[in-house]
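Student: The following block contains a protein sequence and its predicted model.
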Amino acid sequence: MLTDTHAHLYYPEILDRLEDVLKSAIDSGIGRIIAPAVNLETSLKVLELSKANSEIYCALGIHPCDVMKVKDNELEEIESLIGSGKVVAVGETGLDYYWDVSSIDIQKEFFRKQIRIASENDLPVIVHTRNSLDDAVSIIREEYGRYPVKAHFHCFSGNRDQLRDCLSIPGVYISFCGNITYKKSGMDEVIAEVPPGRLLSETDSPFLPPVPYRGKANQPAYMIKTIEKIAEVKGTDAGELSEILSENAAEFFRFGKH
Ligand SMILES: [Zn+2]
């Protein structure tokens, strides 16, 4: 059973037809979906969705693009929700230098705090990066010296050197989104080098739909196209790769064991 480890199910284009979206996912062999949050409001939302639907699990946290908007104690409130439902990770957190460079110091502070919260609660952390991969890897490496950090670098877009750097830290897994199916993605050589044992599957729904769904809202069922692309680049069978991806997600997020 595959897991879409990253789908923002609370966007109206998905939420308004959630039943159909879940059915399509299940029909495509995707039996679990992790909905990550970006702040307190969405943390409450994904927690509620995970309680109402057996297929849905959630990650609670504050996104780097939200750190300037959060209220005092918002992270503490989010932390207090861990353990109250099917929370399998902290996130998404990380660093984003594309939208707002003025908040870099605060982003780093929130990132470190969330890594610690994750480790103290024996959970992995879901990491977003944009133009910030090297700094994010450095922080994970530093924190790894203090805590047994498990980190998922979602929507990986680095080069081969950055991939090696990332995977040199034990406990780091990565995943690719549908944009690797686009003609100009330039990611084939990176995909070729990722050991299947360190790879997770995701969509980042409703964003980054794979070919042939460009222009539509992405949804978990479309993840199969991204897996097919990875299998093609690696010269392996998509079914075999799916089995490995299924096991990786179950081992990394430990569904049902919290
Ligand atoms: Zn996301």
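Tutor: That came through fine. Numbering: from 1, shown residues only.

Student: okay, CA-based contacts and neighbour counts for the rest of this
Tutor: Noted.

Student: what's the following helix or strand after the host helix or strand of residue 127?
Tutor: Using DSSP states H and E, residue 127 sits within strand 125-130. Moving toward the C-terminus from strand 125-130, the next helix or strand (DSSP H and E) is helix 133-144.

Student: residues making contact with that following helix?
Tutor: For helix 133-144, contacts defined as CA atoms under 8 Å, 6 or more residues apart in numbering pick out 94-95, 112, 115-116, 129, 149, 151, 158, 162, 165-166, 169.

Student: so residue 40 makes contact with residue 74?
Tutor: Yes. Assessed by CA atoms under 8 Å, residue 40 is found in contact with residue 74 at 6.3 Å.

Student: Who has more neighbours out of those two?
Tutor: Between residue 40 and residue 74, counting by other CA atoms under 10 Å, residue 40 is the more crowded of the two (21 against 16).

Student: ok, the more buried one - contacts?
Tutor: 60, 61, 62, 74, 75, 77, 78.

Student: try 6 Å
Tutor: Residue 40 makes contacts with residue 78, as judged by CA atoms under 6 Å, 6 or more residues apart in numbering.

Student: got the phi/psi numbers for it?
Tutor: Dihedral pair for residue 40: phi -70, psi -40, per degrees, to the nearest 10.

Student: now residue 94, what's its secondary structure?
Tutor: strand (DSSP: H, G, I helix; E, B strand; the rest coil).

Student: right, and it touches residue 128 too?
Tutor: Yes. Assessed by CA atoms under 6 Å, residue 94 is found in contact with residue 128 at 4.7 Å.

Student: So between the two, which is more surrounded?
Tutor: residue 94 (32 against 23).

Student: For the more buried one, give me its contacts.
Tutor: 64, 111, 127, 128, 129.

Student: quick one on the thing from earlier: run through who's touching the strand holding residue 127.
Tutor: So strand 125-130 is contacted by 89-98, 118, 151-154 (CA under 6 Å, 6+ apart).

Student: Partner strands of that strand, with direction?
Tutor: Partners of strand 125-130 in the sheet, by DSSP bridges, are strand 87-96 (parallel), strand 151-153 (parallel).

Student: can you give me the mean pLDDT across the first one?
Tutor: Okay, so that is strand 87-96. For strand 87-96, the mean pLDDT works out to 97.

Student: what does stretch 135-153 give?
Tutor: 93.

Student: What are the buried residues along that stretch?
Tutor: With burial defined by 16 or more other CA atoms under 10 Å, the residues of stretch 135-153 counted as buried are 136-137, 139-141, 143-144, 147-153.

Student: what about that stretch, distance to the chain center?
Tutor: 16 Å (CA atoms, centre = their mean, to the nearest Å).

Student: So which residues of the stretch 1-150 of the chain form helices?
Tutor: Along the stretch 1-150 of the chain, counting by DSSP state H, counting those that start in this stretch, helices occupy 12-15, 18-27, 40-52, 74-81, 104-120, 133-144.
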